[in-house]
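J.: Using only what follows, build the 3D model:
(chains A, B, C and D)
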There are 2 protein chains.
Amino acid sequence: MKYDPVEIFKALSNPSRLEILKFIYESGFTGTLEGGSMCCEQCSCMGDVVGKFNLAPSTISHHAKELVRCGLVRMERDGQYMRLLPNPEALEAAAEFMDKVVDSTKGK
Amino acid sequence: MKYDPVEIFKALSNPSRLEILKFIYESGFTGTLEGGSMCCEQCSCMGDVVGKFNLAPSTISHHAKELVRCGLVRMERDGQYMRLLPNPEALEAAAEFMDKVVDSTKGK
DNA sequence: ACTATAATTCGAAATACTTCGAAATATCGA
DNA sequence: TCGATATTTCGAAGTATTTCGAATTATAGT
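T.: Model prediction:
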């Protein structure tokens, strides 16, 4: 298996981290970030997240690393900036895992 | 909202608890429990879970309570036994939440 | 009422998580 | 190269989680 459901659920189980994930996903690809991103139109960078949430930069950095570790987010350097990119494949994999558990109880 | 995604993800984020959940869901409604349940054909009870996993009864009891707290499982007393019943609605709600996050990144 | 079985509560130990601030590292622009 | 900005690493404090065993509560059967 490419993604570990437990690791993904762990990443999603912290309220701050879940909000950060939502922010990254909403900003990603669609460029809906209000006021514009520091780094690009189509994604958010570390600093965008720091500006959005009431958490220390080191804390944001740590949460981002967790999101990357389990595959929910990808990161790439863009000069000084670190771009945070959604990886919906991982979220879909976790949702699929849940659907399978649901199916297992419905007699399938 | 009827179910809190963060609470559900927290419940799913522990390996033991996730296995217990899967066991409850597989046993529930379909009666596929090998060797039969202590309490009934169509579900598992606390003792079934204790027999299946290498964890102290108090630990199983604690995990079950967490699963009930977030809505993933229901519990009802049957004499000495405690029946553990899947509540797929909660799991479906969490999967739907995830799908919404995925959609938010794909331009809606 | 007593005993056995099932499950829960309680208290404690070990571990993990969340968050911060300070210091370190990376990159850009002048 | 220097100073400014962006991000990460490190160490520490407080909090939460996981697990256990012992004691307790609930119920069934005799």
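J.: In contact with the residue nearest the centre of chain A, which residues?
T.: Most central residue of chain A, judged by C-alpha distance to the mean C-alpha position with C-alpha atoms, centre = their mean, is A:L21 at 3.5 Å. Going by C-beta atoms under 8 Å, 6 or more residues apart in numbering or on different chains, A:L21 touches A:A11, A:L12, A:L67, A:L72, A:V73, B:V101. No exception for glycine: its C-beta is placed from N, CA and C like everyone else's.
J.: if you set the cut-off to 6 Å instead, what comes out?
T.: Residues counted as contacts of A:L21 (C-beta atoms under 6 Å, 6 or more residues apart in numbering or on different chains) are A:L67.
J.: same question, A:M1
T.: Residues in contact with A:M1 (C-beta under 6 Å, 6+ apart): none are found.
J.: Tell me, what's the model's pLDDT at A:I60?
T.: A:I60 carries a pLDDT value of 98.
J.: With A:E34 instead?
T.: Predicted confidence (pLDDT) for A:E34: 50.
J.: tell me, which helix in chain A spans the most residues?
T.: Taking DSSP state H as the assignment, the helix of chain A that covers the most residues is helix A:88-105.
J.: State the mean pLDDT of that helix.
T.: Averaged across helix A:88-105, pLDDT comes to 97.
J.: for stretch A:8-21, same thing?
T.: Averaged over stretch A:8-21, pLDDT sits at 98.
J.: hmm, that stretch in reach of DNA strand C?
T.: Yes - applying C-beta under 7 Å from any atom of the strand, one finds stretch A:8-21 in contact with DNA strand C at A:K10, A:S13, A:N14, A:P15, A:S16, A:R17.
J.: List only buried entries from the residues you listed.
T.: A:K10, A:S13, A:N14, A:R17 (16 or more other C-beta atoms under 10 Å in any protein chain shown).
J.: Looking at the residues you listed, spot the one nearest A:A90.
T.: Ranked by distance to A:A90 (C-beta to C-beta), those are led by A:K10 at 12.8 Å.
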